[in-house]
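# Quick one: sequence and predicted model below, then my questions.
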Amino acid sequence: MKKFSASRTAQYMALFRALESQRPHDKLVYDPYAINFLDPGLRIAIRLAALPTFRRVIQRIIQKRIPGAYSSGIARTRYIDELVQQAVNQGVQQVVILGAGFDTRALRLDFLRLLPVVEIDHPNTSAVKKEKLGTLPAHVQYLQIDLNEQELDDLALNTSLPTVFIWEGVTNYLQEEAIAATFHFMQKFPPGSFVIFTYVDEKVLREPAAYYGGEKLLNDVAGLEEKWTFGWKPGTLRKYLQAFGLELLEDNSAVEYRRQYMPGRTEKGYEFYRVAFAVRK
């Protein structure tokens, strides 16, 4: 299982959101909090990225070091934001973020400010986040768990409320047993609850060179002790979720959501990442 620490990949996503926030027009994400998670040198770079020429230089460096990550990550963030809003519009009364990392939706999405938002992560990660962000708004609660020693059932969650679960950037680090246990836990919540989660096409684990940026990424995350361990064949996901009382509503690849949100932008991006959206029946 992925170690629950302030992972390098979580910092990359914060960097991407901070950089996108500096675009003067047509930004997909505005996140004034993301810069707090960056090292001092990167904070300076982000501030300089307000200058278009400097921003393009930073994006070229990112594309060279982690090809495909930026455009896919930013489009994914925007897509998930909109799926969360769909769930809220359909009546959910609680948001639970599993493996919250440096997620800032509770702070930057205005439509969440009237709902309880519960962020669940390892104690070390929660401590870092509190240190960086300071006092939390009243509607946000951090629950700490070490999944090597505890289960989600040990947490004092309100299971009577229709809930939307956000489970971003986690399943590819887990074993199938842990994933199944998490979906089983979601069955405790009422019908009309939703789950939004990311996963990778299992083919990238077998043939990473078949995808743009795949081989380099898998080598890099293994070197960071964040090795990927699990993926699905996209066509099998609907049946898998049915076993947990979940109906698959959307299942889109990075190619699809990048095309939706970045039609006029030319950055290449990952093809193997996917976002799924399901409802509890």
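Yep, that arrived. Numbers count the residues shown, from 1 in each chain.
# Tell me which residue is most central in the chain.
Nearest residue to the geometric centre of the chain (C-alpha atoms, centre = their mean): Glu168, 2.9 Å.
# Now for it: which residues touch it?
Going by C-beta atoms under 8 Å, 6 or more residues apart in numbering, Glu168 touches 76, 80, 97, 99, 103, 196-198. C-beta: built from backbone N, CA, C; applies to glycine.
# Okay, and which of the residues you listed map to strands?
Members of the contacts of Glu168 lying in strands (criterion: DSSP state E): 97, 196-198.
# Just the buried residues of those.
Buried members of the ones in strands among the contacts of Glu168, scored by 16 or more other C-beta atoms under 10 Å, are 97, 196-198.
# Which of those residues sits closest to Thr9?
Taking C-beta to C-beta as the measure, Thr9 sits nearest to Thr198 out of those, at 11.7 Å.
# and the gap between that closest one and Trp228?
12 Å (C-beta to C-beta, to the nearest Å).
# what residues are shared contacts of the two?
Common neighbours of Thr198 and Trp228 (criterion: C-beta under 8 Å, 6+ apart): Asn172.
# what about the helices in this structure?
For the chain, applying DSSP state H gives helices covering 8-20, 40-48, 52-65, 69-89, 105-108, 123-133, 176-186, 203-206, 214-223, 237-242, 254-261.
# Summarise which helices and strands the fourth one is packed against.
Applying 3 or more C-beta pairs under 8 Å, 6 or more residues apart in numbering; DSSP states H and E, one finds that helix 69-89 makes contact with helix 8-20, helix 52-65, strand 163-167, strand 194-200, helix 254-261, strand 273-280.
# Mind exporting the C-alpha coordinates of it to CSV?
The C-alpha atoms that make up helix 69-89 are tabulated as CSV, following Å, rounded to 0.1, in the frame of the first residue of the first chain:
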residue,chain,number,x,y,z
ALA,A,69,1.3,15.3,-16.3
TYR,A,70,0.4,19.0,-16.3
SER,A,71,-2.4,19.1,-18.8
SER,A,72,-3.9,15.8,-17.6
GLY,A,73,-3.7,16.8,-14.0
ILE,A,74,-5.3,20.2,-14.4
ALA,A,75,-8.1,18.9,-16.7
ARG,A,76,-8.8,16.1,-14.2
THR,A,77,-9.0,18.6,-11.3
ARG,A,78,-11.6,20.7,-13.2
TYR,A,79,-13.6,17.6,-14.2
ILE,A,80,-13.7,16.4,-10.6
ASP,A,81,-14.7,19.8,-9.4
GLU,A,82,-17.7,19.8,-11.8
LEU,A,83,-18.7,16.2,-10.8
VAL,A,84,-18.7,17.3,-7.1
GLN,A,85,-21.0,20.1,-8.0
GLN,A,86,-23.3,17.7,-9.8
ALA,A,87,-23.5,15.6,-6.7
VAL,A,88,-24.2,18.6,-4.5
ASN,A,89,-26.9,19.7,-6.9
